[in-house]
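*Asks:* I'd like to go over a predicted model; first the sequence, then the structure.
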Amino acid sequence: MTATNQNPNGYKAQIDRNFIGRSEVATGALEAVIAGVHILLIGPPGTAKTAFARFLCKLFSLAKQGESASWKLFQ
């Protein structure tokens, strides 16, 4: 699933294939990753926010070796 040496349209196509109907989110996430800024995913439970974040990490190889993509709630 790693998307090395692809143009931005290749990344977007992979996101669109895996998250149907989320084209606007895919575009915004792609722009944020390219710009090197943070992404905040907001939505009700069950809307694939965590799955989307994990997919982006795998797609762009963002998790360093030995690290896992896990999220915790900070209070």
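*Replies:* Noted; the coordinates are in hand.

*Asks:* got any ranges where the chain has weak pLDDT?
*Replies:* Within the chain, the stretches with pLDDT under 70 are 1-8, 62-75.

*Asks:* which residues are in contact with the one helix or strand residue 28 maps to?
*Replies:* Taking DSSP states H and E as the criterion, residue 28 maps to helix 23-35. The contact list for helix 23-35, computed with Cβ atoms under 8 Å, 6 or more residues apart in numbering, reads 8, 11, 12, 15, 16, 19, 38, 39, 41, 52, 56, 60. C-betas here are computed from N, CA, C, even on glycine.

*Asks:* buried sites along that helix?
*Replies:* 25, 26, 29, 30, 33 (16 or more other Cβ atoms under 10 Å).

*Asks:* Just give me the closest of the residues you listed to residue 45.
*Replies:* Residue 45 has its nearest neighbour among those in residue 25, at 16.5 Å by Cβ to Cβ.

*Asks:* what's the spacing between the residue nearest to the spatial centre of the chain and residue 17?
*Replies:* Centrality entry for the chain: nearest residue to the mean C-alpha point is residue 56, 2.6 Å, by Cα atoms, centre = their mean. Distance, residue 56 to residue 17, using Cβ to Cβ, to the nearest Å: 14 Å.

*Asks:* re earlier: excluding residues flanking it in the chain, which one is nearest the residue nearest to the centre of the chain?
*Replies:* Once flanking residues are discounted, residue 56 sits nearest to residue 29: 6.0 Å by Cβ to Cβ, 6 or more residues apart in numbering.
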